[in-house]
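A.B. asks: A predicted structure for the sequence below; I have some questions about it.
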Amino acid sequence: MTSTDPRPERPFGAVGTAMVTPLTEDGHGVDLDAAQKLAVHVAEHGNDLIVVSGTTGEAPTLTDVEKLELTRAVREAVGPEVTVVAGVGTYDTAHSIDLAREHAKLGVDGLLVVTPYYSKPSQAGVIAHTTAVADSTDLPVMLYDIPGRTGTPLAEETLLRLGEHERILAVKDAKADLLQATLVMERTGLAYYSGEDALNLPWLSVGAAGMVSVVGQVAGDLEKLMLEAVDRSDLAGAREAHLRLAPVVEAIMTRMPGAVAAKAALHLQGVLPHAAMRGPHVPADADQLRVLAAVLDAAGLL
């Protein structure tokens, strides 16, 4: 597919959050009421896209029933004004297809399909897997390229091949290969979304459609300011927002797992009633919370 094909520039919105999954205090269940309140909070603070059951949502620890209940609750909470994308990718093609079909019944706007992890398939296997999932519903698909977790990066030729599929519209990139992405964006109709908060501004500068951010649920208004500055070619304004975000990104993305830090930050902000995690993650300790609270306070986010 060439770059002249009629695809929307921002098929899944612009400012997106990879939402945490609120759990019951013992970690054994999903707190659907808290999930709905969080989704509304995220939508009211700069985000027009919510991704559920992704990495930050602790997806590998959720049952299929929990994933579907979570998606249904979030879709109901935010209504049609906010794009809701559900993570359905696994290391099993048949399982991923089942999840895709079940989520399609819930009125989601798209599917996030991660490169199969652990199995480490060939590029031909990745193409076959992803195409099979994309063919299983009528929903648009966002690829998720995160080799640090999957062990398998999407090769340029693979992206070009998958970009020919009429329902594969975008890539969430956590690979940080801006040159490859620039070439793929030029040669296909694929939209790119930053999947690494520290690189949101660099991604936007090379033509990314937006971001799917962990920090977005904590500082979404700032991320929206940055994106709007880029849209109006205001480099100074974009850089100012980027610099304001930098210590928050450092605190959430480098000192502990992002899911742990995001839940801790949301609890400190009073958005979540607690910050329970599901193993193998453990909650932030007292020292981590102290440092995180100081950063959020300095950024005006408490």
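C.D. replies: Received the coordinates, thanks. Residues are numbered from 1 along each chain as shown.
A.B. asks: Look up phi and psi at residue 241.
C.D. replies: phi -60, psi -40 (degrees, to the nearest 10).
A.B. asks: Also the one 4 residues further on?
C.D. replies: The phi and psi torsions at residue 245 (degrees, to the nearest 10) take the values phi -80, psi -30.
A.B. asks: got a list of what it touches?
C.D. replies: Contact analysis of residue 245 by CB atoms under 8 Å, 6 or more residues apart in numbering lists 197, 200, 215, 219, 222-223, 226. Backbone N, C-alpha and C define where each C-beta goes, glycine included.
A.B. asks: Can I get those residues in a markdown table including pLDDT?
C.D. replies: Below are those laid out as a markdown table (pLDDT from 0 to 100):
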| residue | pLDDT |
| --- | --- |
| 197 | 98 |
| 200 | 98 |
| 215 | 98 |
| 219 | 98 |
| 222 | 97 |
| 223 | 98 |
| 226 | 98 |
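A.B. asks: Of these, which belong to helices?
C.D. replies: The helices, defined by DSSP state H, take in 200, 219, 222-223, 226 from the contacts of residue 245.
A.B. asks: mind listing the helices for the stretch 151-300 of the chain?
C.D. replies: Ranges of helices in the stretch 151-300 of the chain, per DSSP state H, counting those that start in this stretch, are 156-162, 178-187, 200-205, 216-231, 235-253, 258-268, 286-298.
A.B. asks: can you put these in a markdown table and add distance to residue 33?
C.D. replies: Below are the helices of the stretch 151-300 of the chain laid out as a markdown table (distance: least, CB to CB, whole Å):
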| stretch | distance to residue 33 |
| --- | --- |
| helix 156-162 | 38 |
| helix 178-187 | 39 |
| helix 200-205 | 31 |
| helix 216-231 | 17 |
| helix 235-253 | 24 |
| helix 258-268 | 15 |
| helix 286-298 | 24 |
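A.B. asks: Any idea which of these gets closest to residue 146?
C.D. replies: helix 258-268 (11.8 Å; CB to CB).
A.B. asks: Alpha carbons only: can I get that closest one in CSV?
C.D. replies: This file holds the C-alpha atoms of helix 258-268, laid out as CSV (Å, rounded to 0.1, in the frame of the first residue of the first chain):
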residue,chain,number,x,y,z
GLY,A,258,5.7,1.2,34.6
ALA,A,259,2.5,-0.6,35.7
VAL,A,260,3.7,-0.5,39.4
ALA,A,261,4.7,3.2,39.2
ALA,A,262,1.5,4.3,37.3
LYS,A,263,-0.7,2.6,39.9
ALA,A,264,1.3,4.2,42.7
ALA,A,265,1.0,7.6,41.1
LEU,A,266,-2.7,7.3,40.5
HIS,A,267,-3.2,6.3,44.1
LEU,A,268,-1.1,9.3,45.3
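A.B. asks: could you give the mean pLDDT of that helix?
C.D. replies: For helix 258-268, mean pLDDT rounds to 98.
A.B. asks: Tell me which stretches of the chain form strands.
C.D. replies: For the chain, applying DSSP state E gives strands covering 15-18, 49-52, 83-87, 110-114, 141-145, 168-173, 191-194, 210-213.
A.B. asks: Output those strands in JSON lines, with mean pLDDT appended to each entry.
C.D. replies: Below are the strands of the chain laid out as JSON lines (pLDDT from 0 to 100):
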{"stretch": "strand 15-18", "mean pLDDT": "98"}
{"stretch": "strand 49-52", "mean pLDDT": "98"}
{"stretch": "strand 83-87", "mean pLDDT": "98"}
{"stretch": "strand 110-114", "mean pLDDT": "98"}
{"stretch": "strand 141-145", "mean pLDDT": "98"}
{"stretch": "strand 168-173", "mean pLDDT": "98"}
{"stretch": "strand 191-194", "mean pLDDT": "98"}
{"stretch": "strand 210-213", "mean pLDDT": "98"}
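A.B. asks: do you know which of those lies nearest residue 259?
C.D. replies: strand 15-18 (8.9 Å).
A.B. asks: partners of the closest one, with directions?
C.D. replies: Paired neighbours of strand 15-18 in the sheet (DSSP bridges): strand 49-52 (parallel), strand 210-213 (parallel).
A.B. asks: Need the residues that contact it.
C.D. replies: 42, 46-51, 54-57, 83, 85, 193, 195, 210-214, 216-217, 220, 223-224, 227.
A.B. asks: Mind putting the contacts of residue 245 into TSV with distance to residue 91 and neighbour count?
C.D. replies: Output for the contacts of residue 245, formatted as TSV (distance: CB to CB, whole Å; neighbours: other CB atoms under 10 Å):
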residue	distance to residue 91	neighbour count
197	26	26
200	28	29
215	28	26
219	32	27
222	35	23
223	31	32
226	35	26
